[in-house]
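Student: model the following, please.
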Amino acid sequence: MAIGKVWHELEVEVPASEAWELFSTLALARFVEQQLPDMIEKAEAIHGDGGVGTIVHVKFASGAEHKEKFTKIDNETRVKEVEVIEGGFLDFGLSLYRVRFEIIEKLGAAGDSEPSCCCIIKTTVEYDVKEETSDASNASSLVSIEPFVTIAEAAKIHLMKNNLYSIKQFREHHQLMQCQINLDPYLKILSALISVSSWMNCSSLKILFVSSDSEILRSKFSNLELILLMAYSKWFSQVRYDA
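Tutor: Numbers count the residues shown, from 1 in each chain. Purely as a prediction, here's the structure:
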């Protein structure tokens, strides 16, 4: 059982599924190698393809290195655990160094069971000290959550860039906070239209225009923006907007 634990949480304005796609596979190792060269010089999978049992050889910019193994990947709960199996902290008095990534989906408004566009990246480091280590406190002091804070923040920027319309950006751009519009009825219309691919044309736009209260919608969005909204409705339908 681990004797020590440190953790960090960071909210990200993207769906949990998108964050999990990055954190659950080898994509995270490649991302850190490319985006944080001052931290990781090279991360190479020497066994496996990203599933449980995969072993990655990590060379740090500092010159240190270790091998880590994917010991748990749960796509249902969005939890991934990685343990150092050779080198690294194990050479400095630790018997266990485990990192757990959790992508926690935030729900909508109170009492609403539908997911929102936001999630939380939670990183936990668990560690234990070898029995023969004379100075357990010194070995424990080597453990820090800060590298994973850096990774989470870099991942947030990356995910937000890939997400063309975050909730905050969408609201700010169209000033929905000021006009007090609840977009749920319109999102339902958009979702229905996009679900029938043969309707993705001008006739579907006309159907949208003649819907009830369409004057409000038309006053806030241009025709081009409405077409773009329909194109992205698969993503928007997972989001609950309460301006």
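
Student: which SS class is residue 32?
Tutor: Three-state assignment for residue 32 (DSSP: H, G, I helix; E, B strand; the rest coil): helix.

Student: hmm, it is touching residue 42, no?
Tutor: No: applying Cβ atoms under 8 Å, one finds residue 32 not in contact with residue 42, separated by 10.4 Å. From N, CA and C alone the C-beta is placed, and that goes for glycine too.

Student: tell me where the chain has strands.
Tutor: Assignment of strands within the chain using DSSP state E yields the ranges 4-12, 40-47, 55-60, 65-74, 79-87, 94-107, 115-129.

Student: strands paired with the shortest one, and their directions?
Tutor: Each strand that strand 55-60 pairs with, and the sense of that pairing, follows from DSSP bridges: strand 40-47 (antiparallel), strand 65-74 (antiparallel).

Student: what's the helix ranked longest in the chain packed up against?
Tutor: Assignment by DSSP state H gives helix 146-162 as the longest helix of the chain. For helix 146-162, the elements it packs on are strand 4-12, helix 16-23, helix 27-35, strand 115-129, judged by 3 or more Cβ pairs under 8 Å, 6 or more residues apart in numbering; DSSP states H and E.

Student: residue contacts, residue 77?
Tutor: Contact analysis of residue 77 by Cβ atoms under 8 Å, 6 or more residues apart in numbering lists residue 102.

Student: how about low-confidence regions in this structure?
Tutor: Within the chain, the segments meeting pLDDT under 70 span 1-2, 108-116, 133-137, 164-243.

Student: hmm, try it at 90
Tutor: Within the chain, the ranges that satisfy pLDDT under 90 run 1-3, 13-15, 92-93, 106-118, 130-142, 159-243.

Student: pop the domain breakdown of it in here.
Tutor: Listed by automatic domain parsing, the domain ranges of the chain are 4-162, 167-236.
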